[in-house]
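# need a 3D model of the sequence below.
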Amino acid sequence: MDTSPVTPHRLDPSGGCPHADNARLLARAALAPVVLPGDVEGMAVLGHDALREFLAHPEVAKNARHFTALREGRVTAGWPLLTFATVHGMTTADGEDHRRLRSLVSRAFTARRVEELRPRVEELTASLLEDLERAAEADGGVADLRRHFALPLPMGVICELLGVDPEYRERLRRLSSQVVATDIAPQDAVAANRDLVAVLAGIAAARAERPGEDLTSALIAARDEAGDRLSQEELIGTLVLMIIAGHETTLNLITNAVRALCGHRDQLDLVLGAGASWADVVEETLRWDAPVSYFPFRYPVRDLTLAGTVIPRGTPVLAGYSAAGRDPAAHGPDADRFDVTRPAREGAVRHLSLGHGVHYCLGAPLARMEAGVALERLFTRFPRLDLAVPEGELVRESSFVGNSVRTLPVCLGD
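As a prediction, this is how the structure comes out:
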């Protein structure tokens with residue numbers, strides 16, 4: 001291992017493919033000092049074992065009151081990562097507050113409830129495949145799979161769960177993409193957050209007037225009950241989380257899986273020949289090309305030594321999911337190889353791309369089900385589907401949080 005002085009890794013606000021940098025940093029250590037936008041100093045946990053320990057560590061918090069630079073006024077209002085740190089919801093809550101907030105929405109994402117949603121997901125998938133085919137026919141046989149299929153599926157499902165009317169969905173998609181961007185200008189970041197909160201407040205007000213059998217109505221009822229089950233800020237913060245996490249992760253998962261299978265036709269043939277399952281494809285994609293690369297933030301409540309590295313108290317720490325997924329120490333010397341038989345292999349290490357510990361992704365069962373249905377139906381209908389441009393020409397998302405490409409032009413085949 002290289003023991004020379006460590007220069008902090010400056011995260012590129014415009015994103016880009018993370019894997020080359022991850023491999024270089026992991027070759028040095030399981031943790032890396034990083035420089036965030038605005039020259040805010042932080043750390044990233046990259047190694048699988050170190051990340052697993054960190055995510056479940058009892059002396060690591062999520063509440064931004066532990067964020068030293070923010071508390072000392074060294075983070076500006078237009079900082080592109082501010083929403084991740086300060087939104088009022090379960091992703092920034094600890095202890096009893098976290099348990100209270102999580103309990104309010106957890107019943108909507110149980111395995112039983114997710115299976116009840118499967119027929120609707122299948123119906124929506126079938127409709128979107130028709131839209132994808134029409135888009136290709138209208139544009140010389142090429143269509144943007146991300147725009148016409150991978151995006152509207154999870155956005156449609158989460159909006160139906162929340163009771164969001166269709167006319168709001170495009171605006172929510174645009175605003176949420178701005179909120180997760182890490183290269184956004186300060187004034188645009190402030191405006192995007194303000195507008196997203198305003199739109200969601202309007203949706204909540206409409207549901208308060210006309211409650212239904214949706215999750216937003218249930219949250220409003222909890223807010224209006226006697227006691228302190230949910231504040232107005234927590235209601236809006238929960239809706240922010242549900243909208244963004246409810247579609248961004250699955251959108252990137254489906255997009256990355258399609259890219260992986262098109263780039264590894266032998267693996268696609270293996271699945272189509274029943275040599276591996278679509279669930280295996282989903283799990284291997286989550287490991288090999290995690291939909292979230294660096295997720296903000298956690299803060300040690302005291303100086304913490306992890307994998308031989310000290311993380312000072314109050315440091316903003318990123319969970320390096322894309323790095324941990326390809327950590328050779330956990331996944332073997334072929335960790336950078338896409339292999340759909342890996343998840344079912346005896347002794348295979350389970351990835352961390354959907355989290356670990358009490359903050360494990362609440363929507364994981366839904367994301368897995370949506371992606372599995374989408375990929376199976378897509379490649380069953382279009383087994384010769386392929387990228388319309390080389391992988392290297394695809395434009396990456398403008399974020400080091402999300403990990404995918406901005407568009408995915410494909411040819412549907414004969």
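# run through the bridge partners of residue 10.
residue 35 (DSSP bridges).
# what about it, how many residues close to it?
11 (other Cβ atoms under 10 Å). Glycine gets a C-beta too; all of them are placed from N, C-alpha and C.
# just the pLDDT at it, thanks.
Confidence at residue 10, expressed as pLDDT, is 96.
# ok, now how distant is the residue nearest to the spatial centre of the chain from residue 162?
Geometric centre of the chain, nearest residue: residue 249, 3.4 Å, by Cα atoms, centre = their mean. Between residue 249 and residue 162 the distance is 16 Å, computed by Cβ to Cβ, to the nearest Å.
# repeat for residue 240
According to Cβ to Cβ, residue 240 and residue 162 sit 11 Å apart.
# neighbour-wise, which of those two wins?
Higher neighbour count among residue 240 and residue 162: residue 162, with 26 against 23, using other Cβ under 10 Å.
# so the more buried one is in contact with residue 239, correct?
Yes - between residue 162 and residue 239 there is a contact under Cβ atoms under 8 Å: 6.8 Å.
# overlap in contacts, those two.
Jointly contacting residue 162 and residue 239 under the rule Cβ atoms under 8 Å, 6 or more residues apart in numbering are 203, 216.
# quick check: mean pLDDT of stretch 99-115?
Stretch 99-115 carries an average pLDDT of 89.
# list of residues touching it?
Contacts to stretch 99-115, defined as Cβ under 8 Å, 6+ apart, come from residues 89-90, 93, 161, 215, 218-219, 222, 229-230, 234, 238, 242, 362-363, 365-366, 369.
# kindly recompute the last result at 7 Å.
The contact list for stretch 99-115, computed with Cβ atoms under 7 Å, 6 or more residues apart in numbering, reads 89-90, 93, 161, 215, 219, 222, 229-230, 234, 238, 362-363, 365-366, 369.
# just these: which are in helices?
Members of these lying in helices (criterion: DSSP state H): 161, 215, 219, 222, 234, 238, 365-366, 369.
# now, the most widely separated pair of the residues you listed?
Maximum pairwise distance among the ones in helices among the contacts of stretch 99-115 (Cβ to Cβ): 27.3 Å, between 234 and 369.
# residue 62 and residue 357, how far apart?
Counting by Cβ to Cβ - residue 62 and residue 357 are separated by 11 Å.
# kindly apply the preceding question to residue 120 instead.
Applying Cβ to Cβ, the value for residue 120 to residue 357 is 31 Å.
# buried ones in stretch 11-21?
Buried positions in stretch 11-21, judged by neighbour count with 16 or more other Cβ atoms under 10 Å: 11-13, 15-19, 21.
# over to stretch 331-343?
331, 335, 338-340, 342-343.
# in TSV: these, plus distance to residue 267.
TSV is the format used below for the buried residues of stretch 331-343 (distance: Cβ to Cβ, whole Å):
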residue	distance to residue 267
331	16
335	16
338	6
339	7
340	5
342	10
343	12
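# return the subset of those residues lying in helices.
Members of those lying in helices (criterion: DSSP H): residue 331.
# same list (the buried residues of stretch 331-343) but as JSON lines, adding pLDDT and distance to residue 191.
Output for these, formatted as JSON lines (pLDDT from 0 to 100; distance: Cβ to Cβ, whole Å):
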{"residue": "331", "pLDDT": "97", "distance to residue 191": "41"}
{"residue": "335", "pLDDT": "97", "distance to residue 191": "41"}
{"residue": "338", "pLDDT": "98", "distance to residue 191": "39"}
{"residue": "339", "pLDDT": "97", "distance to residue 191": "44"}
{"residue": "340", "pLDDT": "98", "distance to residue 191": "43"}
{"residue": "342", "pLDDT": "96", "distance to residue 191": "44"}
{"residue": "343", "pLDDT": "94", "distance to residue 191": "42"}
